[in-house]
Every structure is written in structure tokens, then in C-alpha cells.
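Participant: everything below, folded, please.
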Amino acid sequence: MCIILVYVDDLLMSGDDETSIAEMKKVLDDCFTIKDLGHLRYFLGIEVARNGKGTMINQRKYALDIVKDAGFDHCTPATFPFPKGVKLSTDIGEVLEDPEVKPHMQAALHVVKYLKGTTDMGLFYSSTAEHQIYGYSDADWGTCMHTGRSLTGYCVFLGSSLVSWKTKKQKVVSKSSCEVELRSMSQTTSELAWVTGLLEDLHLHIPQPIPLFCDNKSAEYIAHNLAFHDRTKHLKLDCYYIRENITRFYHYISCKKYIAAG
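Facilitator: Numbers count the residues shown, from 1 in each chain. As a prediction, this is how the structure comes out:
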């Protein structure tokens, strides 16, 4: 199997057979004239280091370039990525010539100071990590001062390795923390389905079921509840989506037991 990751005109090749990879390189070179840079060390701003235990990736050079461009080479690094208690709004702040709003610029510069102290950090992917996916879902209720919308946050692990993460403002205003968490679970379920499909395309068997962790019991109960009432009717599409994935797993297990018994 030969795998090619394509980003515009940058290609990253991998696979389980050196001969197949070499043949693919020759075919591409005959068609397009490519430049082989050897083993992966740097790709799209990401530095890669590998050994027998696994792979480490970081963005040290990229982060240092940002710090240098901001003129913070000799600043004191910030401990946290964002000042505590800061709430930004498009209606508050001094308009700069850039133009930007001054509190937003100060927050951005604070992030740069935080980056300066984290340039040696990275993500490690163990070569012996278990092939089990875990999803973690959370939400911040009514965070946006401008719209009142909440934030969805999730991260997906393959064993102990972080493979996907995201924070995004939700599309609608939620009236309760339970509703916010349920919408977050729905978006996390979508990501889990996508990651699972991708790994299956790479011929990697993923054990079922896939655990999805959420810290809101009410949202969990609604996701399992077959009956809707007035307070949850407007959430039914998210509920249906989560429940459909749960039901699909139990159907998969039943089929395996039936085949084994037959």
C-alpha cells in the first residue's frame, strides 16, 4: 500500500513497502518532474523527528518566526495562552490604523508571548500506541459577548496520541448548558466518524465501540432517550445523529455474534 498526502504542490508519501513507494516516485517524476527531499523532516511548517519509539512533531521554527516578526525575541514568556477574565467584543476598543481593535491586538500579542515559552513543546506519536479511538467533548455556554453563541470544543485520541482537535463557535444560540453540550457531542460524533473512516481506508482496524466522553449527564440522557418532549424537540436532529451511530455499533456487534454462532 502506498499513501500520498497532497497539499497543493507538496506531497508526503508513505506506505508499507519501499519498492512500491520508489515505483510511485518514478511514475510521478516521469509525469511532473518532482524533487525528492528524502525522509520527512519538515512539512508545511511542521518539524518531524523520528526514532524507534515513535514520531515527534512541533512547530518550533514557525513559532520563533512569529515571535521575531512581533519583536518579542527578548520578552518574558506568558504562562497561559490567554489573560484570565478577558472578554473581547467588536464594539469595544480603540480602532488602530491597521485597522484592528486595540484589546484584540493586545490579546494577540499575549498569545505570541505564550508561544515564546512553548517552542520546545510538541506532540509525540508512539509506535506502540493502541489502535483505539477516544473522543472528548466539551462546550462553553454563551461565551461570545457579541452574539451569545457558545463554543464547541473537542479532541480525538488514537490511543495516547492526539490526532484531531478543534474549537468552533456554534451556529445557533442555545438556551441551556445541556443543549450546548448536546450540540458539542453531535459535532464530536461527526469527527469520530470521519477519523474512523479515514483509518479504515488505511486498513487499520478500529475496535468498537468508540468511547465519547462528555461531562454533562443531562446531555447523555437525552442522547439515549427514544422519546422527545417539548424541551428537546428542537434538538432532535443532533440526538438522532448521535443515537444512529450508537445503534449502528450495536447492530454491528449483533451481526458478528450471529455469524460466529452460525
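Participant: now the helices for the stretch 101-250 of the chain?
Facilitator: Taking DSSP state H, counting those that start in this stretch as the criterion, the stretch 101-250 of the chain contains helices spanning 102-116, 177-201, 217-224, 236-261.
Participant: among these, which comes closest to T147?
Facilitator: Among those, the nearest to T147 by Cβ to Cβ is helix 177-201 (13.5 Å). Heads up, the C-betas are built off the backbone N, CA and C, glycines and all.
Participant: could you list every helix and strand in contact with the closest one?
Facilitator: On a contact count with 3 or more Cβ pairs under 8 Å, 6 or more residues apart in numbering; DSSP states H and E, helix 177-201 meets strand 133-140, strand 151-158, strand 161-169, strand 212-214, helix 217-224, helix 236-261.
Participant: nearest to D36, out of the helices of the stretch 101-250 of the chain?
Facilitator: helix 177-201 (25.2 Å).
Participant: quick one: that closest one to helix 217-224, angle?
Facilitator: Interaxial angle, helix 177-201 versus helix 217-224 (axes from the mean of the first three to the mean of the last three Cα atoms, to 10 degrees): 60 degrees.
Participant: now helix 177-201: average pLDDT?
Facilitator: Helix 177-201 comes out with an average pLDDT of 89.
Participant: buried residues in it?
Facilitator: Buried positions in helix 177-201, judged by neighbour count with 16 or more other Cβ atoms under 10 Å: 177-189, 191-192, 195-196, 199.
Participant: so where's the stretch 1-150 of the chain shaky on pLDDT?
Facilitator: For the stretch 1-150 of the chain, the stretches with pLDDT under 70 are 93, 95-100.
Participant: quick one, strands of it?
Facilitator: 2-7, 10-15, 42-43, 46-51, 54-58, 123-126, 133-140 (DSSP state E, counting those that start in this stretch).
Participant: is it correct that C2 is in contact with E18?
Facilitator: No - taking contacts as Cβ atoms under 8 Å, C2 lies outside contact range of E18: 10.1 Å.
Participant: higher neighbour count, those two?
Facilitator: Taking neighbours as other Cβ atoms under 10 Å, C2 and E18 compare with C2 leading, 15 against 8.
Participant: need the contact list for that one.
Facilitator: Taking Cβ atoms under 8 Å, 6 or more residues apart in numbering, we find C2 in contact with 13-15, 17, 20-21, 24.
Participant: count of neighbours near the closest residue to it other than its chain neighbours?
Facilitator: Nearest non-adjacent residue to C2, counting by Cβ to Cβ, 6 or more residues apart in numbering: G15, 4.1 Å away. Using other Cβ under 10 Å, G15 is surrounded by 14 other residues.
Participant: so G15 makes contact with L5?
Facilitator: No - using Cβ under 8 Å, G15 makes no contact with L5, being 11.4 Å away.
Participant: related to what we said a few turns ago, please tabulate the contacts of C2 in a markdown table and include distance to L162 as additional columns.
Facilitator: Shown next, in a markdown table, are the contacts of C2 (distance: Cβ to Cβ, whole Å):
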| residue | distance to L162 |
| --- | --- |
| M13 | 24 |
| S14 | 19 |
| G15 | 24 |
| D17 | 28 |
| S20 | 29 |
| I21 | 27 |
| M24 | 29 |
